[in-house]
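**Student:** this one's sequence-less:
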Ligand code: PMP
Ligand code: GLN
């Protein structure tokens with residue numbers, strides 16, 4: 001066969017998690033918790049199964065779950081998403097992203113992506129025949145240079161992909177970013193794909209600025225969300241997409257042939273579990289404590305900490321003590337010191353290497369402590 005994605009390697013998450021398993025390293029590479037979700041939640045799934053919720057759910061998602069999702073968006077962002085026309089339950093954030101891009105990108109449409117970028121965006125755009133217009137952001141702050149974005153935008157621009165809180169850098173959009181974005185998309189035929197899977201993981205009392213907060217942006221945005229992050233259940237692969245009806249209608253045309261529907265018992269459980277607002281309201285504090293402890297630990301190593309305002313990733317620079325390539329250093333640290341990380345060059349199409357590694361801190365305190373102990377031996 002002629003490869004449709006000739007230059008796309010196996011994802012760095014697969015590669016580094018496999019290496020961690022092979023060499024027995026503490027796995028701070030791929031982003032997932034090493035602790036279990038709330039027992040009440042698994043009980044709800046079990047109960048749903050026992051009660052016979054074991055057949056296809058509605059193509060768009062269970063009504064009770066769509067209702068709970070719409071209510072959450074209303075509580076948090078004051079947005080009126082109609083559960084019947086504007087909300088679809090997906091097989092994780094990944095499927096929401098894939099389906100949203102597939103639904104609107106035509107051959108030769110241009111899509112603006114900010115790098116470092118989560119690895120799922122660009123291949124999907126390319127599969128649809130779209131053209132990726134990547135803009136590289138620079139550490140340590142990774143601010144979006146909006147003047148340059150304005151120069152990149154043309155009649156061919158069909159989509160801008162945003163991700164806040166950001167994986168891997170932990171940056172978040174601020175009011176100025178939103179103002180600039182509103183100016184840029186105004187009177188243009190540009191759709192926003194907003195990857196908000198870390199929406200609840202924003203620290204230091206800051207607010208997550210969802211596209212749902214701003215009517216001018218909401219009306220042209222797909223928002224991707226993930227229950228994997230919200231419930232500490234990345235293996236369940238369940239999430240959702242929010243969009244105005246005219247976009248969601250196109251999204252669902254693809255969704256129905258992509259997965260048709262998402263597993264039923266977990267939807268029943270999620271709908272019930274979401275009734276308790278503290279489930280999502282308590283998440284920022286929970287992860288902020290982990291961030292603070294981990295940063296404290298890392299400050300005793302030779303790594304230099306980059307800022308982390310959100311997400312469950314902490315990036316560090318090592319240029320002060322090594323000029324090894326980041327992918328080589330990540331492998332060496334996994335093998336020699338027993339801690340797996342992600343080399344941030346993997347998030348750039350051109351493999352740009354700023355000598356930065358990403359660690360996931362969605363881990364038990366003892367795991368993070370042990371990792372820090374090992375990282376202290378470097379350099
Ligand atoms: N977007 C980003 C930025 C992510 O980090 C992830 C994490 N896995 C996803 C999307 C995908 O979410 P899910 O695991 O629910 O498919
Ligand atoms: N989003 C997770 C991360 O950034 C990994 C998801 C995946 O393995 N595809 O680590």
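**Tutor:** That came in fine, so what should we check first? Please read all numbers here as calculations on a predicted model, not as lab measurements. Ligands and ions are numbered 1, 2, ... in the order given.

**Student:** pretty sure residue 378 is in a strand, no?
**Tutor:** No. Residue 378: not assigned to a strand; according to DSSP: H, G, I helix; E, B strand; the rest coil it is coil.

**Student:** just checking, it touches residue 341?
**Tutor:** No. Between residue 378 and residue 341 there is no contact under CB atoms under 8 Å: 11.3 Å. C-beta coordinates here come from the backbone N, C-alpha and C atoms, glycine included.

**Student:** if you count what's nearby, which of those two comes out ahead?
**Tutor:** residue 341 (29 against 17; other CB atoms under 10 Å).

**Student:** Return every residue with contacts to both of residue 378 and residue 341.
**Tutor:** Jointly contacting residue 378 and residue 341 under the rule CB atoms under 8 Å, 6 or more residues apart in numbering are residue 333.

**Student:** so which strand or helix has residue 19?
**Tutor:** Residue 19 belongs to helix 12-23 when assigned by DSSP states H and E.

**Student:** residues touching the residue in the stretch 251-379 of the chain that ligand 1 sits nearest to, list them.
**Tutor:** Nearest residue of the stretch 251-379 of the chain to ligand 1 (CB to the nearest ligand atom) works out as residue 311 at 7.4 Å. Residues near residue 311 by CB under 8 Å, 6+ apart: 165, 166, 167, 168, 170, 198, 201.

**Student:** Please repeat the previous calculation with a cut-off of 7 Å.
**Tutor:** For residue 311, the contacting residues are 165, 166, 167, 170, 198, 201, by CB atoms under 7 Å, 6 or more residues apart in numbering.

**Student:** The fifth one: what secondary structure?
**Tutor:** Looking back up the chat, that one is residue 198. coil.

**Student:** what does the chain put close to ligand 1?
**Tutor:** 31, 92-94, 118, 163, 167, 195, 197, 226, 228, 234, 239 (CB under 6 Å from any ligand atom).

**Student:** Phi, psi for whichever residue of the stretch 201-350 of the chain sits closest to ligand 2 please.
**Tutor:** Closest to ligand 2 within the stretch 201-350 of the chain is residue 342: 6.6 Å, counting by CB to the nearest ligand atom. Main-chain torsions, residue 342, degrees, to the nearest 10: phi -110, psi 130.

**Student:** residues from the stretch 51-200 of the chain in reach of ligand 2?
**Tutor:** residue 167.

**Student:** Kindly recompute the last result at 8 Å.
**Tutor:** Applying CB under 8 Å from any ligand atom, we find that the stretch 51-200 of the chain lies next to ligand 2 at 94, 118, 119, 120, 167, 168, 197.

**Student:** hmm, which two among those residues are most spread apart?
**Tutor:** Spanning the widest gap among those are 94 and 168, at 16.1 Å by CB to CB.

**Student:** For the host helix or strand of residue 133, which strands pair with it and how are they oriented?
**Tutor:** Secondary structure from DSSP H and E places residue 133 in strand 131-136. Next to strand 131-136 in the sheet, as set by DSSP bridges, lie strand 110-115 (parallel).

**Student:** which other residues reach the partner strand?
**Tutor:** Applying CB under 7 Å, 6+ apart, the contact partners of strand 110-115 are 105, 121-122, 125, 130-137, 144, 149, 152, 156-161, 347-349.

**Student:** In PyMOL, how would I select just the buried ones from those residues?
**Tutor:** To isolate in PyMOL the members of those that are buried, counting by 16 or more other CB atoms under 10 Å, one can use:
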select buried, resi 105+121+122+125+130+132+133+134+136+137+144+149+157+158+159+160+161+347+348
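
**Student:** Neighbours of the closest residue to ligand 1 within the stretch 151-300 of the chain, how many?
**Tutor:** Closest to ligand 1 within the stretch 151-300 of the chain is residue 226: 3.2 Å, counting by CB to the nearest ligand atom. Using other CB under 10 Å, residue 226 has 26 other residues around it.

**Student:** Ok, residue 187 next?
**Tutor:** There are 7 residues near residue 187, going by other CB under 10 Å.

**Student:** now swap in the one 10 residues further on and tell me
**Tutor:** Taking other CB under 10 Å as the criterion, the count of residues near residue 197 is 26.

**Student:** mind listing what's buried in the lowest-mean-pLDDT helix or strand in the chain?
**Tutor:** One helix or strand of the chain scores below all others by mean pLDDT, DSSP states H and E: helix 278-281, with a mean of 94. Buried residues in helix 278-281, defined by neighbour count with 16+ other CB under 10 Å: 279, 280.

**Student:** chain center to the very next helix or strand once past it, what's the gap?
**Tutor:** Using DSSP H and E, the next helix or strand after helix 278-281 towards the C-terminus is helix 283-298. Centroid separation between helix 283-298 and its chain, computed with CA atoms, centre = their mean, to the nearest Å, is 19 Å.

**Student:** about what we covered before: which residues does the strand holding residue 133 contact?
**Tutor:** Here strand 131-136 makes contact (CB under 7 Å, 6+ apart) with 108, 110-115, 122, 125-126, 148-149, 152, 348-349, 352.

**Student:** about what we covered before: wait, the residue of the stretch 151-300 of the chain closest to ligand 1 touches residue 239, no?
**Tutor:** Yes. Between residue 226 and residue 239 there is a contact under CB atoms under 7 Å: 3.9 Å.

**Student:** what touches both of these two?
**Tutor:** 92, 93.

**Student:** So which elements touch the helix holding residue 19?
**Tutor:** On a contact count with 3 or more CB pairs under 7 Å, 6 or more residues apart in numbering; DSSP states H and E, helix 12-23 meets strand 339-340.

**Student:** Adjacent strands (with direction) for the strand it packs on?
**Tutor:** Sheet pairing here is set by DSSP bridges, and for strand 339-340 it gives strand 26-27 (parallel).

**Student:** Fine by me, thanks again.
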